[in-house]
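Engineer: With the input below, show me the fold.
(chains A and B)
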Amino acid sequence: MTVILHTLNTSPGSAGFTDCLRVIAAGDALLLMGDGVYGAIADTAAGATLQASGAEIYVLTADTAAAGVSNLIKGANHVDMDGFVALTERFPRQQAWY
Amino acid sequence: MIYSLLVLSCPTSGNCTQTAAAFAQCVIARGHSIHRVFFLDAGTYTGAAAAVFPQDEADRIKPWLELAQQHAVELILCISSALKRGMLDQSEARRYEKQASTVHPAFTISGLGQLVDACANSDRLITFGG
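Structural biologist: Modelled structure (predicted):
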């Protein structure tokens, strides 16, 4: 099965967020950006669902800082733009959710 | 590797086009090349020649112009998305008998075939929407 880099740019509860959660699987990576970063806040239903997916979870540092939630993120790796590009080098396919 | 970008985000809502432009600069900094950036839907507003941003806001167009000027990155606006939003280059303005062009000369108006070509001739196609 082909592994995919998912980028999620919409807040928990939105159709894009729900659809993405239905599709991601172990072996995939998920990069939360824009309003998507709210999904990785500790002790939330969205955060728990992301953890249960088995996918590698990442958050874009510029967007967690802009949202003021950098210190509230749990279970996700913080990546800067360099890290984002590195993910696209690792994963030949990307699926954007927004 | 060769990258192409598909940008659907409106430059004046959210920060996704800024993220896309920063991503493109970083791709080049890491030794890759950008074959083409294709702007679709509200993303075509990125080519607005007359957009003026308040002094306390980031200029959402300038980073793309820098990419084109510094690295000869091809910036394509989808023709059907652009025209219905009033985004016309000089030849389209003449064709539809409009008073002036509204698209910055760094951008080219073209068809969806350019997106298909970008997919076929790039190692990576990265989409920025929302």
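
Engineer: Okay, the closest residue to residue B:104 other than its chain neighbours and residue B:21: tell me how far apart.
Structural biologist: By the measure of C-beta to C-beta, 6 or more residues apart in numbering or on different chains, the closest residue to residue B:104 outside its immediate chain neighbours is residue B:49, 4.2 Å from it. C-beta here means a position set from N, CA and C on the backbone, and glycine is covered the same way. Residue B:49 sits at a distance of 17 Å from residue B:21 (criterion: C-beta to C-beta, to the nearest Å).

Engineer: neighbour count winner among those two?
Structural biologist: Using other C-beta atoms under 10 Å in any protein chain shown, the more surrounded residue of residue B:49 and residue B:21 is residue B:21, with 25 against 16.

Engineer: you'd agree that one is up against residue B:70?
Structural biologist: No: with contact defined as C-beta atoms under 8 Å, residue B:21 and residue B:70 do not form a contacting pair (11.9 Å).

Engineer: what number of residues lie near residue B:12?
Structural biologist: 15.

Engineer: same thing with residue B:98?
Structural biologist: Residues near residue B:98, counting by other C-beta under 10 Å, number 12.

Engineer: give the contact list for it.
Structural biologist: Contacts for residue B:98 (C-beta atoms under 8 Å, 6 or more residues apart in numbering or on different chains) come out as B:88, B:92.

Engineer: Now do the same for it: its pLDDT.
Structural biologist: For residue B:98, the pLDDT comes out at 95.

Engineer: what do you get for residue A:1?
Structural biologist: 66.

Engineer: just the one 3 residues further on next, same as before
Structural biologist: Looking at residue A:4, its pLDDT stands at 97.

Engineer: mind checking the SS state of the residue in chain B sticking out farthest from the centre?
Structural biologist: Among residues of chain B, the one most distant from the C-alpha centroid is residue B:97; the distance is 24.1 Å, by C-alpha atoms, centre = their mean. Following DSSP: H, G, I helix; E, B strand; the rest coil, the label given to residue B:97 is coil.

Engineer: Residue in chain B with the shortest distance to chain A?
Structural biologist: When scored by C-beta to the nearest C-beta, chain B has residue B:130 as its residue closest to chain A, at 2.8 Å.

Engineer: show me where chain B has helices.
Structural biologist: B:16-29, B:62-71, B:79-83, B:90-95, B:113-120 (DSSP state H).

Engineer: How about the residues of chain B by chain A?
Structural biologist: Residues of chain B found near chain A (C-beta under 8 Å from any C-beta of the partner chain) are B:1, B:3, B:8-9, B:14-16, B:19, B:22-23, B:26-27, B:29-30, B:32, B:123-130.

Engineer: Generate a PyMOL selection restricted to the buried entries among the residues you listed.
Structural biologist: To isolate in PyMOL the members of the residues of chain B next to chain A that are buried, counting by 16 or more other C-beta atoms under 10 Å in any protein chain shown, one can use:
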select buried, chain B and resi 3+8+9+14+15+16+19+22+23+26+27+32+124+125+126+127+128+129+130
